[in-house]
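J.: Just to be clear, the model below is a prediction. Sequence and coordinates:
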Amino acid sequence: MIKSTIKGSGSYLPSKVLTNDDIAKMVDTSDQWIFERTGITQRHIASNDQLTSDLAYEASIKAIESAGIDANELDLILLATSTPDQVFPSTAVKVQHMIGAKESAAFDLHAVCSGFVYGLTTANAFIKTGEYKKILVIGAETYSRIIDWSDRSTCILFGDGAGAFVLEGIHSSDDISGTGILESSIKSDGKYSDKLYCNGGPSSNSKGGQYIQMNGREVYKHAVEKQTSIVNSVLLSAGLTVDKIDWLVPHQANLRILEATAKRLDIPSEKIIITVEKHANTSSASIPIAMDSAINSGKIKRGDIVMLVSFGSGFTWGATVLRY
Ligand code: UT7
């Protein structure tokens with residue numbers, strides 16, 4: 001059967017770093033408070049002339065290079081973002097032009113922090129039908145532009161960055177021994193749309209979105225519950241048990257959420273990929289950044305079973321289990 005394999009990956013963090021101490025000079029907080037509640041020590045911030053497409057471009061060229069393909073071989077570019085450059089055209093078409101991918105289709109996908117798993121799930125469906133063979137899936141965000149830097153409850157949590165995978169459809173064994181995506185599932189429940197949102201937007205106030213609003217406690221509770229349940233359901237559909245997972249790559253929202261999720265799943269801490277301390281929550285970019293860094297450091301190796309899981313505004317959540 002045809003499976004979607006990760007042929008290459010790449011990630012990018014802007015060079016400017018904002019530490020907890022820097023934020024403590026802007027609002028009434030401290031490095032200790034932020035670190036104890038979130039595990040975050042710093043975040044990267046895009047320069048004034050860097051847009052989401054620029055971050056996406058940097059991650060994409062690395063992913064294309066690591067896949068060893070030419071950009072013209074791409075059939076589709078799927079960019080997950082909630083901080084697009086403009087209302088339209090899509091940021092994906094801008095990236096398409098920047099990387100010189102003349103033959104592909106390109107569109108944006110909006111599922112906030114779950115965007116990358118939504119993107120993988122969508123790309124996987126296209127690949128399995130045989131419609132497309134090579135797809136670039138990108139998560140890229142400039143949350144620094146939608147943060148109210150005077151709100152200490154949200155400004156400590158987020159950062160800018162981008163990550164990308166090149167997926168390729170290959171003939172692979174139809175059981176779990178075959179390389180590629182084994183199972184992928186996405187969910188949403190708009191009943192909770194007022195728990196984490198960005199106010200404003202073209203249809204509400206004729207402008208772009210303004211600032212993040214969040215009920216942190218509600219987000220925390222649902223993130224742990226929903227990520228746990230979707231990992232269990234994806235494992236069941238794939239015919240796997242939790243002990244078969246070599247690596248858990250959760251959405252890097254905050255350390256307490258990802259540790260609580262792993263504990264409920266009974267996944268030991270040494271199997272969790274954690275990068276949140278260095279870049280905070282980069283929304284749809286966090287999973288590919290974490291995965292790419294674990295591949296580059298030699299933790300995740302070819303043949304490993306990897307579980308990606310995400311949760312975000314909407315609420316939206318999803319999980320993808322794959323053999324790398
Ligand atoms: O992709 C999902 C993105 N969202 C998240 O990951 C957020 C999930 N939620 C959380 O991680 C936690 O709810 C937070 C880290 C955001 C907050 O922790 P908490 O233990 O839920 O704190 P809280 O909101 O209940 O606030 C406790 C106290 C409050 O003071 P009072 O009312 O008790 O006097 C807040 O005003 O902490 C205060 N506080 C702060 N103090 C110092 C809130 N933010 C800060 C801050 N520094 N940055």
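T.: Received, thanks.

J.: Now do the strands in this protein.
T.: In the chain, strands defined by DSSP state E lie at 2-12, 16-19, 42-45, 76-80, 105-109, 134-142, 160-171, 180-188, 196-200, 209-214, 247-250, 305-312, 316-323, listed in chain order.

J.: Just checking: what are the partner strands of the last one?
T.: For strand 316-323, the paired strands and their directions (DSSP bridges) read strand 180-188 (antiparallel), strand 305-312 (antiparallel).

J.: Is the last one positioned near the ligand?
T.: Translated: strand 305-312. Yes - contact of strand 305-312 with the ligand is found when judged by CB under 6 Å from any ligand atom, involving residue 312. In short, each C-beta sits where N, CA and C put it, glycine included.

J.: residues touching the residue in the stretch 101-250 of the chain positioned nearest to the ligand, list them.
T.: Closest residue of the stretch 101-250 of the chain to the ligand, CB to the nearest ligand atom: residue 216 (2.7 Å). Counting by CB atoms under 8 Å, 6 or more residues apart in numbering, residue 216 makes contact with residue 153.

J.: before we move on, back to that, next, format the strands of the chain as a markdown table and append distance to residue 293, mean neighbour count and mean pLDDT.
T.: Shown next, in a markdown table, are the strands of the chain (distance: least, CB to CB, whole Å; neighbours: other CB atoms under 10 Å; pLDDT from 0 to 100):
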| stretch | distance to residue 293 | mean neighbour count | mean pLDDT |
| --- | --- | --- | --- |
| strand 2-12 | 7 | 24 | 98 |
| strand 16-19 | 16 | 16 | 98 |
| strand 42-45 | 13 | 24 | 98 |
| strand 76-80 | 18 | 28 | 98 |
| strand 105-109 | 23 | 20 | 98 |
| strand 134-142 | 14 | 32 | 98 |
| strand 160-171 | 9 | 27 | 97 |
| strand 180-188 | 20 | 21 | 98 |
| strand 196-200 | 26 | 18 | 94 |
| strand 209-214 | 25 | 17 | 91 |
| strand 247-250 | 10 | 25 | 98 |
| strand 305-312 | 13 | 26 | 98 |
| strand 316-323 | 17 | 26 | 98 |
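
J.: Dump the ones you listed into JSON lines; add distance to residue 93 as well.
T.: Output for the strands of the chain, formatted as JSON lines (distance: least, CB to CB, whole Å):
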{"stretch": "strand 2-12", "distance to residue 93": "19"}
{"stretch": "strand 16-19", "distance to residue 93": "27"}
{"stretch": "strand 42-45", "distance to residue 93": "25"}
{"stretch": "strand 76-80", "distance to residue 93": "8"}
{"stretch": "strand 105-109", "distance to residue 93": "5"}
{"stretch": "strand 134-142", "distance to residue 93": "12"}
{"stretch": "strand 160-171", "distance to residue 93": "16"}
{"stretch": "strand 180-188", "distance to residue 93": "24"}
{"stretch": "strand 196-200", "distance to residue 93": "23"}
{"stretch": "strand 209-214", "distance to residue 93": "20"}
{"stretch": "strand 247-250", "distance to residue 93": "28"}
{"stretch": "strand 305-312", "distance to residue 93": "24"}
{"stretch": "strand 316-323", "distance to residue 93": "23"}
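
J.: Closest to the centroid, which residue in the chain?
T.: Nearest residue to the geometric centre of the chain (CA atoms, centre = their mean): residue 284, 3.3 Å.

J.: Could you check how far that one is from residue 200?
T.: 20 Å (CB to CB, to the nearest Å).
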